[in-house]
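J.: Turn this into a model:
(one chain, ligands or ions: 1)
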Amino acid sequence: MTSLNQQLADYIDQGVVPPYQYSYPPRSTYRPLPEGKWAIPDVWAMDLANYQVPELNLYLHVPFCDRKCGFCNLYTIISTDEDVFDAYTDALCTQIRDHAEIIQARRLRTLYIGGGTPALLKPRHFEQIFTTLGDIYPNWRSTVEEVAVEATPSSIADEPEEFKALIDMGLTRANVGIQSLVPGEIREAGRGGEDEDVIRRAIHTAHELGLPDLSTDLIMGFAGQTPETWRHSVNELAKLQPTTISTYFLTVRPDAWFSRTGAYQYMWQPELYDRYDYARKVFLDHGYVQEGSVRYKRPGRGGYVQKVLTFHGVPLLGLGVGARSYTSVLDYMTGSVKPSTAEVADYIKRAKNHELAAVTGFELTGEELVRKRLVLDAFDLDLAELDRFGYQQHAAEFEPILDAAEANGLIHRLGRRIQLSPKGFKYRDILSWMFYSETVKTLDREYYENLHAANKRARKNMGATPVRITGIDLDEGTA
Ligand code: SF4
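T.: Next comes the predicted model:
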């Protein structure tokens with residue numbers, strides 16, 4: 001029997017690279033909900049009872065992209081058809097109005113329009129969305145700290161007037177997936193049309209137009225990426241001075257195109273942690289502060305408010321096809337987790353007829369709620385806050401993991417508050433995985449094993465099983 005201390009030390013030594021843990025339970029664990037059991041107004045009424053000062057994050061999903069990037073397994077379909085955008089925006093606005101009472105019962109803190117590439121929509125679509133929100137929640141511009149939209153470099157560089165219109169409407173943050181500043185890696189990501197010149201023009205345009213927060217991403221682990229090419233991307237991006245920079249480890253799942261190309265495997269790449277170290281040092285040297293395991297921001301600016309608040313337990317109402325809602329009783333979607341043009345059309349129809357219901361999801365027990373916070377929020381978490389969800393009943397399970405994390409230098413304990421150390425930021429996702437429940441691990445594995453089994457090329461190219469992307473088992477030893 002290996003102690004938890006030793007298991008955690010071994011995982012760190014082996015360079016285990018889990019997927020970035022940005023939700024718990026992950027959507028792979030969502031299953032059809034019993035019909036009629038969860039009416040959406042009832043879910044949110046139950047949720048309301050858990051908060052003294054009710055707050056809300058609003059997420060609107062726009063599933064359209066003009067391509068499919070090789071690493072992406074988000075809920076997207078390819079479309080640039082403005083008639084479809086018109087119909088979709090109408091449906092989304094109907095859904096916003098249908099949720100008026102839920103939104104009005106809380107203080108609205110953030111608005112994030114994600115996707116997909118919502119920047120493909122025209123200014124009139126955003127105007128319609130913002131007007132609808134203003135109709136049901138007049139002071140949203142005062143209460144909301146972050147109005148964010150996801151964009152591609154070309155959507156900013158090639159359409160600066162449209163982007164300016166968005167800033168004039170109150171946009172505070174654009175999240176631009178750059179992924180790399182090396183031509184071969186940009187092509188590998190499936191973004192051949194967005195060369196380094198387009199990326200530089202997009203960043204300059206955003207700065208010139210006075211966007212308060214430009215958020216950019218880089219990915220570690222593309223096929224063909226070397227320590228030198230990584231250093232190039234990091235150095236060049238630091239010089240361009242976006243307010244926020246995120247760096248992600250690439251983990252390929254069987255629902256991403258990369259699983260079919262033969263260039264990737266379900267392997268951990270310990271050397272990626274050296275790339276993490278390099279990026280962290282460069283960004284800190286350039287005056288950034290680390291906001292999370294993947295994110296750096298300019299002091300006093302930048303960051304990702306909606307993500308920070310969601311990790312911290314503020315519920316999130318997700319509207320639009322493929323959007324997830326996170327409450328303290330149920331995480332749910334109004335459709336399936338698998339994107340399709342037919343489902344988008346069905347969403348538009350059902351939204352217009354006020355027929356959307358929670359159909360897929362995961363029912364949260366008190367124990368799973370505690371796990372959710374431990375998985376997501378160890379940056380700065382007061383365990384006493386979790387007592388109302390039953391932390392003490394399960395403390396015998398969680399405390400040895402926290403002791404192992406402390407013994408391995410991953411967390412500081414400040415009374416009952418825990419905070420990640422610099423080493424903890426680096427290995428945060430390994431620690432997060434250790435808090436997965438058996439139920440969540442089983443459902444997650446089942447989902448990816450089924451996808452793997454149905455993906456002939458993944459079976460041929462990626463390795464025998466997708467187990468390395470779906471959690472780790474703990475021996476029941478003592479720390
Ligand atoms: S990474 Fe972004 S642009 Fe690429 S397919 Fe996914 S959502 Fe669309």
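J.: rest of the way, CA atoms for contacts and neighbours
T.: OK.
J.: count of neighbours near the residue in the stretch 201-350 of the chain that the ligand sits nearest to?
T.: When distances are taken as C-alpha to the nearest ligand atom, the stretch 201-350 of the chain approaches the ligand most closely through Ala256, which lies 9.7 Å from it. Under the neighbour criterion other C-alpha atoms under 10 Å, Ala256 is assigned a count of 18.
J.: How about Ser180?
T.: Ser180: 28 neighbours (other C-alpha under 10 Å).
J.: ok, it - contacts?
T.: Ile186, Leu218, Ile219, Trp230, Ser233 (C-alpha atoms under 8 Å, 6 or more residues apart in numbering).
J.: Spell out which residues of the chain are next to the ligand.
T.: Within the chain, the residues that sit near the ligand (C-alpha under 6 Å from any ligand atom) are Cys65, Arg67, Lys68, Cys69, Cys72, Leu74, Gly115, Gly116, Thr117.
J.: Which among those residues count as buried?
T.: In the residues of the chain next to the ligand, burial by neighbour count holds for Cys65, Lys68, Cys69, Cys72, Leu74, Gly115, Gly116, Thr117, counting by 16 or more other C-alpha atoms under 10 Å.
J.: need these in a markdown table with pLDDT, can you?
T.: Below are these laid out as a markdown table (pLDDT from 0 to 100):
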| residue | pLDDT |
| --- | --- |
| Cys65 | 91 |
| Lys68 | 82 |
| Cys69 | 78 |
| Cys72 | 80 |
| Leu74 | 86 |
| Gly115 | 89 |
| Gly116 | 89 |
| Thr117 | 90 |
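J.: from those, which single one is nearest Lys441?
T.: Compare each of these with Lys441 using C-alpha to C-alpha and the shortest gap goes to Leu74, at 20.3 Å.
J.: Quick check: closest non-adjacent residue to Tyr248.
T.: Closest residue to Tyr248 in three dimensions, ignoring its sequence neighbours and counting by C-alpha to C-alpha, 6 or more residues apart in numbering: Ile219, at 4.9 Å.
J.: quick one, phi/psi of the one you found?
T.: Note on Ile219: backbone dihedrals following degrees, to the nearest 10 are phi -120, psi 130.
J.: Verify the stated contact: Gly424 with Glu406.
T.: No. With the criterion set as C-alpha atoms under 8 Å, Gly424 and Glu406 do not qualify as a contacting pair; they are 9.2 Å apart.
J.: quick one: which of the two has more around it?
T.: Gly424 (22 against 19).
J.: tell me which element that one falls in.
T.: Here Gly424, judged by DSSP states H and E, is contained in helix 422-426.
J.: Quick check: next helix or strand after that helix?
T.: Going down the chain from helix 422-426, the next helix or strand is helix 428-434, by DSSP H and E.
J.: Name the residues that touch that next one?
T.: Counting by C-alpha under 8 Å, 6+ apart, helix 428-434 makes contact with 8, 11-12, 16-21, 293, 374-376, 401, 405, 410, 420, 471-474, all of which sit outside it.
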